[in-house]
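Visitor: the following comprises the amino acid sequence and a computationally predicted model.
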Protein chains: 2
Amino acid sequence: MSAPKNDTFLRALLRQPTPYTPIWIMRQAGRYLSEYNETRKQAGSFLELCKNPHLATEVTLQPLARFPLDAAILFSDILTIPDAMGLGLYFAEGEGPRFERPLREEWEIRNLDVVDPDAHLRYVLDAASQIRKALDNEIPLIGFSGSPYTLACYMIEGRGGTEFHEIKRMLYERPDLLHSILDVNARSVVAYLNAQIEAGAQAVMIFDSWGGNLSAAAFREFSLAYMERICAGLKKEQDGHAVPCVVFTKGGGQWLESLAACGADALSVDWTTDLGDARRRVGDRVALQGNLDPAVLLTNPEVVEREASKVLASFGKGNGHVFNLGHGVSRFTPPENVGALVDAVHRLSLPYHQ
Amino acid sequence: MSAPKNDTFLRALLRQPTPYTPIWIMRQAGRYLSEYNETRKQAGSFLELCKNPHLATEVTLQPLARFPLDAAILFSDILTIPDAMGLGLYFAEGEGPRFERPLREEWEIRNLDVVDPDAHLRYVLDAASQIRKALDNEIPLIGFSGSPYTLACYMIEGRGGTEFHEIKRMLYERPDLLHSILDVNARSVVAYLNAQIEAGAQAVMIFDSWGGNLSAAAFREFSLAYMERICAGLKKEQDGHAVPCVVFTKGGGQWLESLAACGADALSVDWTTDLGDARRRVGDRVALQGNLDPAVLLTNPEVVEREASKVLASFGKGNGHVFNLGHGVSRFTPPENVGALVDAVHRLSLPYHQ
């Protein structure tokens, strides 16, 4: 298969020259789009939407019909792996993801098996290949997974956004048990992302949503070490093309130097980090993705353009920047602000690439 | 008035020699203590407890009767100022603080008045002087307030822990309005903390609980700048003794260099920051306070001692460290773990002060 016609996203991740700064948006296929809400209603639920390759393809393409984005991202969830392990992923209305059967007993942890994506996550791979086909080589497709530590948070706590008392207690009292879970998770993520790459993903991203809640030392031991193992185990090429890998530790701005050495091609950074400062710290080891405050998209096109121009100026001249938000787009975002952002980034970034 | 018999806390904040590393614990008078829950029940509610100087004194002293802590902290809330402005602070059971009348209209913002602590926050000043008297010069008393930005979050959102959409929208669309609120807040905090100092507080702390949610540039403009103004306006001495000031921006680990220049004597840091790394970054400009992960206190005395020793080792030899948690103590903490922590810090820190 050939490279996509618009390969600016892949080139930027590899720090190669591009005519402008490419942009995509975390959760670009999401609830801020009325057509997404329609399709989701048709599917019945978020999870049924994820598990239906035909509808997952439909919603993946929806934002692309509205905005000239430079990448598409597989419509799925970061928690498909623990769901495939049998923990029972569900979504309570108005709340985040939860598991019916979080890990409570040592024997449950000892019994965890590495997930075989071909057997248990076929629906994701089918969606990836169907979306890739539907994209018709216009723009690249991103595959993704949660990080081993972030998956473990949900597997142990049963939900996100807690104070993480259960997993922290295990981390400090029974690190052997947590390492056992993380080892199974890491091996599962490698197999899963490699299967996504074989099914059509042209870049992959690891979402470490909760690693930022660890102490610096615990982050290195319980999150970063396993992302390093994943980066080392990922396919570097498919069909003769490089497959870049992006790592995103939300709240990880303090640890960019060690993140830059984890084997990823690029780091996604949240909005609390000054992008120019981040660039000085990581040097030419990785590209950077980010990092507009998602709340900017709640305002109006003038403010969006002004704040986008600040992010571009902060990164400065040269290659290796993929524009994105510092976190997923809010469901309360007026779609016209997303249009204004994509337009502003494409237009205002031209001088930085001359 | 003379210096307290145990002045290790004050000396450490001023980076003067101490025989061991002093320790106190954020929320040390709190729900993990059964005697606190008893007194709170007697008071009727958390807010009535705050507003009753006699009972506030009682709960302030409770942890000191159990543990040889090196400082006491005024029992109060970070949100007394907006309450005094008439916004109606209340606590819904099992949830955080809320305001009945959050700021919604421009005229409400234009009408905000600087709080006169003598007129509107007499109960806090009475508690401070009563506690100071009850401490009988054994250990120093800490006064505190929320930061102007953190107060504004609650004043605009009506509650904490949100996605901060309302205040962020104002910040990006109507920065003039937000600056107007922050100006009133900063002037109120200066008057309030100076009144606490006159009433008996021997050190003060500014809690910037939500500044860490801002972009780097917005943090400087909307939170740090106002904390600088407060530090510049605070009394530096009372009764011939220096009154040190501590600033704590939770999630502010990326900005320690600029925080170290804000005029505070010490920075409190959360557990995500490596303390040795923080010390190298701030040099001898400020002392450091922190930063054990509060979740460590959910384990057992052996783990507590092991993890406390790591924090001490990370800071290393020399002066300028006040031991604390990286955030408030959890209500689920077994009190014996707090005892083990205080003992471990006093004992294990001796070699670092020789």
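Guide: Right, received. Where do you want to start? Numbering: from 1, shown residues only, chains lettered A, B, ... in the order given.

Visitor: ok, the residue of the stretch 251-354 of chain A at minimum distance from chain B to A:C262 distance?
Guide: Nearest to chain B, among the residues of the stretch 251-354 of chain A, is A:A295, at 3.5 Å (C-beta to the nearest C-beta). Quick note: C-beta positions are derived from backbone N, CA and C, even for glycine. Here A:A295 is placed at a distance of 29 Å from A:C262 (C-beta to C-beta, to the nearest Å).

Visitor: neighbour count winner among those two?
Guide: A:A295 (28 against 24; other C-beta atoms under 10 Å in any protein chain shown).

Visitor: am I right that that one is in contact with B:E166?
Guide: No - using C-beta atoms under 8 Å, A:A295 is not in contact with B:E166, being 9.6 Å away.

Visitor: quick one: mean pLDDT for stretch A:336-345?
Guide: Regarding stretch A:336-345, the rounded mean pLDDT is 98.

Visitor: in that stretch, which residues are buried?
Guide: Buried positions in stretch A:336-345, judged by neighbour count with 16 or more other C-beta atoms under 10 Å in any protein chain shown: A:337-338, A:340-345.

Visitor: whichever strand or helix holds A:I81 packs against which elements?
Guide: Per DSSP states H and E: A:I81 is located in helix A:80-82. Judged by 3 or more C-beta pairs under 8 Å, 6 or more residues apart in numbering or on different chains; DSSP states H and E, helix A:80-82 is in contact with strand A:141-146, helix A:148-157, helix A:175-199.

Visitor: how far does the second one sit from its chain's centre?
Guide: Relative to the chain's own centre, helix A:148-157 is displaced by 16 Å; criterion: C-alpha atoms, centre = their mean, to the nearest Å.

Visitor: and the helix or strand following it, how far out from the chain's middle?
Guide: Sequence order places helix A:165-173 as the next helix or strand after helix A:148-157, per DSSP H and E. Put simply, helix A:165-173 sits 26 Å off its chain's centre (C-alpha atoms, centre = their mean).

Visitor: tell me the residues of the stretch 251-354 of chain A that contact chain B?
Guide: A:251, A:253-254, A:271-274, A:277, A:293, A:295-296, A:298-300, A:303, A:307, A:310, A:326, A:330, A:332 (C-beta under 8 Å from any C-beta of the partner chain).

Visitor: for PyMOL, what selects the buried ones among the residues you listed?
Guide: Applying 16+ other C-beta under 10 Å to these, the buried members can be selected in PyMOL as follows:
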select buried, chain A and resi 251+253+254+271+272+273+274+277+293+295+296+298+299+300+303+307+326+330
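
Visitor: quick check, A:T249 in contact with A:L259.
Guide: Yes - in this structure A:T249 lies within contact range of A:L259 using C-beta under 8 Å: 6.2 Å.

Visitor: the helix or strand bottoming out on mean pLDDT in chain A packs against which elements?
Guide: Lowest on mean pLDDT, DSSP states H and E among the helices and strands of chain A sits strand A:89-91, with a mean of 91. Secondary-structure packing of strand A:89-91 (3+ C-beta pairs under 8 Å, 6+ apart): helix A:46-50, strand A:97-99.

Visitor: so who does A:G316 touch?
Guide: When contacts are counted by C-beta atoms under 8 Å, 6 or more residues apart in numbering or on different chains, A:G316 is found next to A:276, A:279, A:352.

Visitor: name the member of those with the most neighbours.
Guide: A:R279 leads these on contacts (other C-beta under 10 Å) with 21 neighbours.

Visitor: make sure that one is actually in contact with A:A287.
Guide: No - assessed by C-beta under 8 Å, A:R279 is found out of contact with A:A287, at 9.6 Å.

Visitor: list the residues that contact both of the two?
Guide: A:G320.

Visitor: thinking again about what came up before, give me whichever of the helices and strands packed on helix A:80-82 is most buried.
Guide: Among those, helix A:148-157 has the highest mean neighbour count (mean count of other C-beta atoms under 10 Å in any protein chain shown), at a mean of 26.

Visitor: related to what we said a few turns ago, which ones among the contacts of A:G316 map onto helices?
Guide: A:276, A:279 (DSSP state H).

Visitor: which of the contacts of A:G316 sits closest to A:K41?
Guide: Nearest to A:K41 among the contacts of A:G316: A:Y352, at 41.6 Å, using C-beta to C-beta.

Visitor: the closest residue to that closest one other than its chain neighbours in helix, strand or coil?
Guide: What sits nearest to A:Y352 in space, not counting adjacent residues and going by C-beta to C-beta, 6 or more residues apart in numbering or on different chains, is A:K317, at 5.0 Å. What DSSP: H, G, I helix; E, B strand; the rest coil gives for A:K317 is coil.

Visitor: for beta bridges, what are the partners of A:I142?
Guide: With DSSP bridges applied, A:I142 shows beta-bridge pairing to A:I73, A:A203.

Visitor: got a list of what it touches?
Guide: A:I142 sits in contact with A:24, A:71-74, A:201-205, A:246, where contact means C-beta under 8 Å, 6+ apart.

Visitor: and these as a markdown table, adding pLDDT, neighbour count and distance to B:P140?
Guide: Shown next, in a markdown table, are the contacts of A:I142 (pLDDT from 0 to 100; neighbours: other C-beta atoms under 10 Å in any protein chain shown; distance: C-beta to C-beta, whole Å):
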| residue | pLDDT | neighbour count | distance to B:P140 |
| --- | --- | --- | --- |
| A:W24 | 98 | 23 | 54 |
| A:A71 | 98 | 27 | 57 |
| A:A72 | 98 | 26 | 60 |
| A:I73 | 98 | 23 | 54 |
| A:L74 | 98 | 25 | 57 |
| A:A201 | 98 | 28 | 59 |
| A:Q202 | 98 | 29 | 61 |
| A:A203 | 98 | 25 | 56 |
| A:V204 | 98 | 28 | 54 |
| A:M205 | 98 | 24 | 50 |
| A:V246 | 98 | 23 | 49 |
